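Participant: Just a sequence and a predicted model for now, questions to come.
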Amino acid sequence: MNPNIGNKIKQLREEHQLSLAELAANASIYPMQLEKIESGEIQPTMAIMVRISRALGTRLGTILDGEEHYEPVVQLSTDRTPSINLVESENLGSHLRFSALAQNKTDRNMEPFFINVSYCPTGDLPSHHEGEEFLYVLEGSVQLLYGQETYTLEKGDSIYYDSIVPHNLTTLAEGETAKVLAVTYTPF
C-alpha cells in the first residue's frame, strides 16, 4: 500500500477532530484495523476506502490525491507505477494491483485506474461498495462474477455495472494475467 494513503486518512481524521475510535465506528470497521491502515501495515479494500471517505464526508479522490493540479493531468505509460495497491476484498489477497491514473487531479468525479489482474480462486467473497464501475479489457481475458451472473471478457470488451452488487474480477486460470482500464464513480 502507498503509505501516503494511511497518512492522508490520519490527516483528514485529525482535521475533522475525530478520534481513531470515532472514525472507525462511523466507517463500520474495527479501530485496530483503522490504526493498521493509517500506519500502512495493511491494505484497505476498495469498500473500506469508500466507507472511510464517506465517514470523513469527503470524496474517495481526496484520500487518493497526491499533489493538487487544476490543469489536465498527463500520465505517461513510462511513468506509471503501482502507486496504489488496493485489494477489492480482504479475502481476495492482492490479485488486483491498482495504479491510479489521475491521483493528482483535484475535484474529479471519476477514479480511473489501470489494473493488473491475476488469478483468484473461486469461493472468495466478492466486494461491493456504492457507486458504478466501467471496465475495459486491454490485454488478456477476465471473468467478472457479478451477483449470480458470470461474464467472460476478452481484449476489447467492456462492462458497466452498479458496484453495490457483489462482484469479483479474476483471470480465467492460474498463471494468467490481464490488464484492465477501470473507471469508478462513488457518490459523495
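Facilitator: Arrived safely.

Participant: use CA for all of it now, contacts and neighbours both
Facilitator: Noted.

Participant: Report the beta-bridge partners for residue 136.
Facilitator: Beta-bridge partners for residue 136, by DSSP bridges, are residue 158, residue 181.

Participant: List the buried residues in stretch 41-54.
Facilitator: 42-54 (16 or more other C-alpha atoms under 10 Å).

Participant: who does the least confident helix or strand in the chain by mean pLDDT touch, helix- and strand-wise?
Facilitator: Sorting the helices and strands of the chain by mean pLDDT, DSSP states H and E puts helix 60-64 at the bottom, at a mean of 74. With contacts defined as 3 or more C-alpha pairs under 8 Å, 6 or more residues apart in numbering; DSSP states H and E, helix 60-64 has these neighbours: helix 3-15, helix 46-55.

Participant: so where's this protein shaky on pLDDT?
Facilitator: Residues of the chain that meet the criterion pLDDT under 70 lie in 1-3, 65-71, 80-94, 122-125, 188.

Participant: So which residues of it form strands?
Facilitator: 96-100, 111-118, 132-139, 142-146, 149-153, 158-162, 167-171, 177-185 (DSSP state E).

Participant: Save the buried residues of stretch 41-54 as a markdown table, and put in distance to residue 128 too.
Facilitator: A markdown table is the format used below for those (distance: C-alpha to C-alpha, whole Å):
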| residue | distance to residue 128 |
| --- | --- |
| 42 | 19 |
| 43 | 16 |
| 44 | 13 |
| 45 | 10 |
| 46 | 8 |
| 47 | 6 |
| 48 | 10 |
| 49 | 12 |
| 50 | 10 |
| 51 | 11 |
| 52 | 14 |
| 53 | 15 |
| 54 | 15 |
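
Participant: quick one on the thing from earlier: let me have the helices and strands packed on helix 60-64 in JSON lines, extended by distance to residue 30.
Facilitator: Shown next, in JSON lines, are the helices and strands packed on helix 60-64 (distance: least, C-alpha to C-alpha, whole Å):
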{"stretch": "helix 3-15", "distance to residue 30": "15"}
{"stretch": "helix 46-55", "distance to residue 30": "11"}
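
Participant: Compare those helices and give me the one nearest residue 74.
Facilitator: Closest of the helices and strands packed on helix 60-64 to residue 74 is helix 3-15, at 20.7 Å (criterion: C-alpha to C-alpha).

Participant: can you list the domains in this protein?
Facilitator: Per the record, the chain has its domains at 3-64, 77-185, by automatic domain parsing.
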